[in-house]
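Q: fold the following and give me the result.
(chains A, B, C and D)
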Number of protein chains: 2
Amino acid sequence: MTRGKKYQPGKIRERNIEQILNAAEQEFVLHGFKGASTQAIAERAGLPKANLHYYFKNKLTLYNAVLENIIDLWNSGLQDITAADDPAEVIEKFIRFKARLSFTHPRASKIFATEIIQGAPQLKEHLRTDQREWVKTRTQVIHTWIEAGKMRPIDPANLIFLIWGATQHYADFDCQVLTVINKAEYDEEYIEHVSQQLCEIIMLGCGLTPSHLK
Amino acid sequence: MTRGKKYQPGKIRERNIEQILNAAEQEFVLHGFKGASTQAIAERAGLPKANLHYYFKNKLTLYNAVLENIIDLWNSGLQDITAADDPAEVIEKFIRFKARLSFTHPRASKIFATEIIQGAPQLKEHLRTDQREWVKTRTQVIHTWIEAGKMRPIDPANLIFLIWGATQHYADFDCQVLTVINKAEYDEEYIEHVSQQLCEIIMLGCGLTPSHLK
DNA sequence: GTCTATAAGACGATAGAC
DNA sequence: GTCTATCGTCTTATAGAC
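A: Numbering: from 1, shown residues only, chains lettered A, B, ... in the order given. Predicted coordinates:
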């Protein structure tokens, strides 16, 4: 047992861990798990490499901590939906939530993307359990909406993949998008513009009307 | 000058280069540029590491050769379009072409995705010149279609990004998609199903009618 | 809890025999 | 054109002084 000196015990620890996780995110985006070096992560966090190994026993543990943060972020704003909900309202909310997340947390999206591209070595189990379950409940609700004639008959899973793919593209391929539209960075106006465009095309394609066209 | 023995000179060379490029693609998908090792690439190609350095002077040269193959593949089926073309026909063809490419060449899509995610260190120039130009000419044509009342007024660039994002998702995130839909691999039926669904939702969202609904 | 110093091995690349 | 052996560097991880 160590008696804590009056330095707000744990504060330094908390700050160091946050700096390491933040630095690790940046390096993992730039070079992937295998390509990122703990040396570079430590330097970016402003710590000697040995301190990093004090907080995280090895590179894989650190990587998994980064992934866990990303999953938490992804789950943070996902509300449950029921057959009684209004499809237009729910789907518009979902598109806008995913779009906003892509623009505000591109690094999280990129690390997740790289992990899946490489065959999800760390997230296989998450995909097989949590994520599959999440999609299953949504597709069931969408199916009842279709049977009730509330929207066009589409494959619900394809709709979810379409929304995922379309929104994540702006995060993962930000470099390409910004170069093509000749901008230095995204601004609030563009975020709203993209969200509205995606709602329009996707929802009209499903036989729904987005709120701004009512 | 070396006089070629009657072993079909260049045949062995061609075969080795192809095997190296193929092995490199696989390793670059799994670990990215920095994470992939020339050792592993050589082993996968069934050659000693030194031979790899005989054909490609270093890892970056090999990586750029892989990227060039991917760009060529991408450009292989892209026809020019004019204002006189039928929007529905052109856009359906484009969605189906991109979708098919994603399903038949997922590794190419994944390497391209990883390169862009990491900030396009090797493809910055390609994005700034060729790709920007390509998008520019398409957006201009789509714009004239809109002004002629042939389709709903949407942002042409967003439409292109939507098609890119939606189709590439099935290649880059194949691991996720297959897990969620509980399949071992894509089959021809699923490819046609996805292509049709994407055409339906996106084209109806643009005020166009896909051929199978006419 | 922090940091220097270093172990043990993998890395890209090359020299040089065949 | 092929392959073994090896150089010098960078890698993860740890030992041990403070």
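
Q: break chain A down into its domains, please.
A: A:11-67, A:77-213 (automatic domain parsing).

Q: including distance to B:C199 and mean pLDDT, could those domains go into TSV?
A: All C-beta atoms are positioned from the backbone trio N, CA, C, and that covers glycine. Below are these laid out as TSV (distance: least, CB to CB, whole Å; pLDDT from 0 to 100):
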stretch	distance to B:C199	mean pLDDT
domain A:11-67	33	97
domain A:77-213	10	97
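
Q: for DNA strand D, find the nearest of these.
A: Minimum separation from DNA strand D across those (CB to the nearest atom of the strand) falls at domain A:11-67, 3.1 Å.

Q: just the terminal-to-terminal distance for that closest one.
A: Start-to-end span of domain A:11-67 (CA to CA, to the nearest Å) is 23 Å.

Q: residues from chain A in reach of DNA strand D?
A: Residues of chain A lying close to DNA strand D (CB under 7 Å from any atom of the strand) are A:36-40, A:49-50, A:53, A:57-60.

Q: what about the residues you listed, which one has the most neighbours?
A: Neighbour counts for the residues of chain A next to DNA strand D peak at A:A36, which has 24 neighbours (criterion: other CB atoms under 10 Å in any protein chain shown).

Q: residues contacting that residue?
A: Contact analysis of A:A36 by CB atoms under 8 Å, 6 or more residues apart in numbering or on different chains lists A:24, A:27-28, A:30, A:59, B:34.

Q: helices of chain A, start to end?
A: With DSSP state H applied, chain A shows helices at A:11-35, A:38-45, A:49-55, A:59-76, A:87-104, A:106-117, A:124-126, A:132-147, A:156-172, A:174-181, A:188-205, listed in chain order.

Q: gap between the residue of chain A found nearest DNA strand C and B:P121?
A: Closest approach between chain A and DNA strand C, counting by CB to the nearest atom of the strand: A:A50, at 3.1 Å. To B:P121, A:A50 is 30 Å away according to CB to CB, to the nearest Å.

Q: follow-up on the earlier one: pull the most distant pair out of the residues of chain A next to DNA strand D.
A: Comparing all pairs in the residues of chain A next to DNA strand D by CB to CB, the longest separation belongs to A:A40 and A:K57, at 18.5 Å.

Q: dump the helices of chain A to a markdown table, plus distance to B:K11.
A: Below are the helices of chain A laid out as a markdown table (distance: least, CB to CB, whole Å):
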| stretch | distance to B:K11 |
| --- | --- |
| helix A:11-35 | 35 |
| helix A:38-45 | 44 |
| helix A:49-55 | 49 |
| helix A:59-76 | 44 |
| helix A:87-104 | 48 |
| helix A:106-117 | 34 |
| helix A:124-126 | 41 |
| helix A:132-147 | 48 |
| helix A:156-172 | 41 |
| helix A:174-181 | 38 |
| helix A:188-205 | 51 |
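
Q: now render the ones you listed as JSON lines, adding distance to chain B.
A: Putting these into JSON lines (distance: least, CB to the nearest CB, whole Å) gives the following:
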{"stretch": "helix A:11-35", "distance to chain B": "3"}
{"stretch": "helix A:38-45", "distance to chain B": "10"}
{"stretch": "helix A:49-55", "distance to chain B": "18"}
{"stretch": "helix A:59-76", "distance to chain B": "12"}
{"stretch": "helix A:87-104", "distance to chain B": "10"}
{"stretch": "helix A:106-117", "distance to chain B": "5"}
{"stretch": "helix A:124-126", "distance to chain B": "8"}
{"stretch": "helix A:132-147", "distance to chain B": "5"}
{"stretch": "helix A:156-172", "distance to chain B": "3"}
{"stretch": "helix A:174-181", "distance to chain B": "4"}
{"stretch": "helix A:188-205", "distance to chain B": "3"}
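
Q: wait, which of the ones you listed is closest to B:E115?
A: B:E115 lies closest to helix A:174-181 among the helices of chain A, at 9.3 Å (CB to CB).

Q: which strands and helices sit next to the closest one?
A: If you count contacts as 3 or more CB pairs under 8 Å, 6 or more residues apart in numbering or on different chains; DSSP states H and E, helix A:174-181 packs onto helix B:106-117, helix B:132-147, helix B:156-172.

Q: having no further points to raise, I will conclude here.
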